[in-house]
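Enquirer: Curious how this folds, go ahead:
(2 chains)
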2 protein chains.
Amino acid sequence: MGDARTERWADNRVRMRRKLIDAAIQVIETEGPQASMRAIAAAAEVSKPTLYRFFADKAELTLAISNRAKQDIAAGLAQVRTHPEGSPAAILNSALTGYAALIVEHPHIARFLFQGTENPAARTLENWRAVRVEVADLITLLVGSPSATPEFDADFYASMVVGAVKGAANWWHRTADHADSAEEFVRRMEPVVHAIVAGAAADAGVTIDFDKPLTITVP
Amino acid sequence: MGDARTERWADNRVRMRRKLIDAAIQVIETEGPQASMRAIAAAAEVSKPTLYRFFADKAELTLAISNRAKQDIAAGLAQVRTHPEGSPAAILNSALTGYAALIVEHPHIARFLFQGTENPAARTLENWRAVRVEVADLITLLVGSPSATPEFDADFYASMVVGAVKGAANWWHRTADHADSAEEFVRRMEPVVHAIVAGAAADAGVTIDFDKPLTITVP
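Expert: As a prediction, this is how the structure comes out:
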């Protein structure tokens, strides 16, 4: 019975942690990245000491939010990748839609994670690096050959994708009247990302048919 | 005769200023962005007080180097734009080659100007903004209509171009063994930049033939 109790306690801890991160995201979304630990505790309806029992400081909470955002994006990607009918176009569209939802619909969170506001610059770079690695994996998946030719370097193309998305995101954040349209963001980004992936494929010596389903062995 | 003397004096000042900036670029290229005012004065074969008579501090010298780089790029662009046979492809190739020369062949200067090393972050952002404005002008020139449709926004596409170039440049700077090839940089960037410009053209309701000469009225 002790085991069941320990498990229930662990479950509660995970649930509480999730609730606190949810509250933090919500408060940052409303009040901006400078939101205080006090406001976050209030939104979660817990005391400040309780919040601090889960997250030693705001940096730790930031990291948790950051990991959540990355997990959400990764989960979205994984879902598309396991669809046997997923074409490169569909996979890229889904990936872009995930980023667009973050960048366009949650500008405060996006700024918090990626633009260094109230977030140490080193962590911001680390977040971008994580995205870049993920995008490089995706490009490798789409191109189908990790080391087709010596010229092929997924990381270079991932750097361009991330750079272009970053540039577009900065523009979007500067231009408030476009803040509502994730679809429009995807529409504008999509041909650019296709061009980059096509470039990567050319370097790897393959041609990508963006509309033909990928045959991927799902582990 | 007084006028001629004043003019000669002003000429000398301009020449000396140019010489000091040349020396600074050379020293930074060799020693990195942390190069001291002392080392720069030594390279220019002037005393430190002389250097300080031209540039109050390193920030002012940084600004001068930054302006020089921007002028070099702008001069390169202007030259292509005045060629009646210039096609969009040729114009973009020249613009990219200018940036590639800076990014690939002068990595220390590029870092100094654009990556905030020993350079206040605000100035780095300002440098990128200047490049973005310049790229937006170029896109407007290529697309041919400053306000063709309400959807067209040269600044958005310029942000993507700058972002992609920035991403690629960061990759290049991380990967030392590619440091020698500006041509390879241009080859990889070119299709991406074309895709972005084609996207801008589509939003403006026009189609760009990248290989057809532009008819530009040179002022």
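
Enquirer: Point out the residues in chain A that sit beside chain B.
Expert: Proximity of chain A to chain B is assessed by Cβ under 8 Å from any Cβ of the partner chain, with A:153, A:155-156, A:159-168, A:170-171, A:175, A:188-189, A:191-192, A:194-196, A:198-199, A:203 identified as the residues in range. In this view, the C-beta of every residue, glycine as well, is placed from N, C-alpha and C.

Enquirer: can you give me the offset of the helix or strand harbouring A:Ala4 from its chain's centre?
Expert: If you go by DSSP states H and E, A:Ala4 is part of helix A:2-31. When C-alpha coordinates are averaged (Cα atoms, centre = their mean, to the nearest Å), helix A:2-31 and its chain have centres 21 Å apart.

Enquirer: again with stretch A:53-67
Expert: Stretch A:53-67 has its C-alpha centroid displaced from the chain centroid by 17 Å (Cα atoms, centre = their mean).

Enquirer: Domain map for chain A?
Expert: With automatic domain parsing serving as the domain definition, the record reports that chain A contains domains spanning A:1-55, A:58-204.

Enquirer: among those, which gets the worst mean confidence?
Expert: Averaging pLDDT over each of those singles out domain A:58-204 as the lowest, with a mean of 78.

Enquirer: Of the residues of chain A next to chain B, grab the buried ones for ChimeraX.
Expert: Only the buried members of those end up in this ChimeraX selection, burial being decided by 16 or more other Cβ atoms under 10 Å in any protein chain shown:
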select /A:153,155,156,159,160,161,162,163,164,165,166,167,168,170,171,188,189,192,194,195,196,198,199,203
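
Enquirer: How about the backbone phi and psi for A:Ile91?
Expert: Backbone dihedrals for A:Ile91, given as degrees, to the nearest 10, come out at phi -60, psi -50.

Enquirer: tell me what the host helix or strand of A:Met189 is packed against?
Expert: For A:Met189, the host element (DSSP H and E) is helix A:182-204. Counting contacts by 3 or more Cβ pairs under 8 Å, 6 or more residues apart in numbering or on different chains; DSSP states H and E, the secondary-structure elements packed against helix A:182-204 are helix A:88-100, helix A:121-143, helix A:154-174, helix B:154-174, helix B:182-204.

Enquirer: Between helix B:182-204 and the fourth one, find me the angle.
Expert: Same thing as helix B:154-174. With axes from the mean of the first three to the mean of the last three Cα atoms, to 10 degrees applied, the angle from helix B:154-174 to helix B:182-204 works out at 160 degrees.

Enquirer: What is helix B:154-174 packed up against?
Expert: Going by 3+ Cβ pairs under 8 Å, 6+ apart, helix B:154-174 lies up against helix A:154-174, helix A:182-204, helix B:88-100, helix B:107-114, helix B:121-143, helix B:182-204.

Enquirer: Specify the stretch among those that is closest to A:Ala4.
Expert: For the helices and strands packed on helix B:154-174, the distance to A:Ala4 is smallest for helix A:182-204, at 43.5 Å, taking Cβ to Cβ.

Enquirer: A:Cys63 sits in which helix or strand?
Expert: Small correction: residue A:63 is Leu, not Cys. Using DSSP H and E, A:Leu63 maps to helix A:58-81.

Enquirer: How about A:Leu138, nearest residue that isn't a chain neighbour?
Expert: Take A:Leu138 and drop its neighbours on the chain: the residue closest to it by Cβ to Cβ, 6 or more residues apart in numbering or on different chains is A:Ala95, 6.3 Å away.

Enquirer: Surely that neighbour touches A:Asp137?
Expert: No. With contact taken as Cβ atoms under 8 Å, A:Ala95 and A:Asp137 are classed as non-touching, separated by 10.9 Å.

Enquirer: of those two, who's got more company?
Expert: With neighbours defined as other Cβ atoms under 10 Å in any protein chain shown, A:Ala95 and A:Asp137 compare such that A:Ala95 has more, 22 against 15.

Enquirer: so who does the nearest residue to A:Val133 once chain neighbours are set aside touch?
Expert: Taking Cβ to Cβ, 6+ apart as the measure, A:Val133 lies nearest to A:Ala158, with 7.5 Å between them; neighbours along the chain are not counted. With contacts defined as Cβ atoms under 8 Å, 6 or more residues apart in numbering or on different chains, the neighbours of A:Ala158 are A:132-133, A:135-136, A:139.

Enquirer: same question, A:Thr50
Expert: Applying Cβ under 8 Å, 6+ apart, one finds that A:Thr50 lies in contact with A:Ala41.

Enquirer: Quickly find the element holding it.
Expert: Applying DSSP H and E as the criterion places A:Thr50 in helix A:48-54.

Enquirer: what's the distance between that helix and the middle of its chain?
Expert: The gap between the average C-alpha position of helix A:48-54 and the chain average comes to 26 Å, counting by Cα atoms, centre = their mean.

Enquirer: cool, stretch A:197-216 as well?
Expert: On the basis of Cα atoms, centre = their mean, the separation between the geometric centre of stretch A:197-216 and that of its chain is 23 Å.

Enquirer: Give me the buried positions along it.
Expert: Within stretch A:197-216, the residues that count as buried by 16+ other Cβ under 10 Å are A:197-204, A:208, A:210, A:214.

Enquirer: Among the helices and strands packed on helix B:154-174, which comes closest to A:Pro33?
Expert: Closest to A:Pro33 of the helices and strands packed on helix B:154-174 is helix A:154-174 (Cβ to Cβ; 11.9 Å).

Enquirer: now the angle between helix A:88-100 and that closest one, please.
Expert: Between the axes of helix A:154-174 and helix A:88-100, defined by the same axes, to 10 degrees, the angle is 50 degrees.

Enquirer: Figure out how far helix A:154-174 is from the centre of its chain.
Expert: So, by Cα atoms, centre = their mean, the centroid of helix A:154-174 is 13 Å from its chain's centroid.

Enquirer: and the angle for it with helix A:121-143?
Expert: Computed by the same axes, to 10 degrees, the angle between helix A:154-174 and helix A:121-143 is 120 degrees.

Enquirer: Just the CA atoms of helix A:154-174, as CSV, please.
Expert: Extracted C-alpha coordinates of helix A:154-174, given in CSV (Å, rounded to 0.1, in the frame of the first residue of the first chain):
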residue,chain,number,x,y,z
ALA,A,154,21.6,19.4,-42.2
ASP,A,155,22.8,21.8,-39.6
PHE,A,156,23.6,24.5,-42.1
TYR,A,157,20.1,24.3,-43.6
ALA,A,158,18.6,24.2,-40.2
SER,A,159,20.5,27.4,-39.3
MET,A,160,18.9,29.0,-42.4
VAL,A,161,15.4,27.8,-41.5
VAL,A,162,15.8,29.0,-37.9
GLY,A,163,17.2,32.3,-39.1
ALA,A,164,14.4,32.9,-41.5
VAL,A,165,11.7,32.0,-39.0
LYS,A,166,13.4,34.2,-36.4
GLY,A,167,13.6,37.1,-38.8
ALA,A,168,9.9,36.6,-39.6
ALA,A,169,9.0,36.3,-36.0
ASN,A,170,10.8,39.5,-35.1
TRP,A,171,8.9,41.3,-37.8
TRP,A,172,5.6,39.8,-36.6
HIS,A,173,6.4,41.0,-33.1
ARG,A,174,7.2,44.5,-34.3
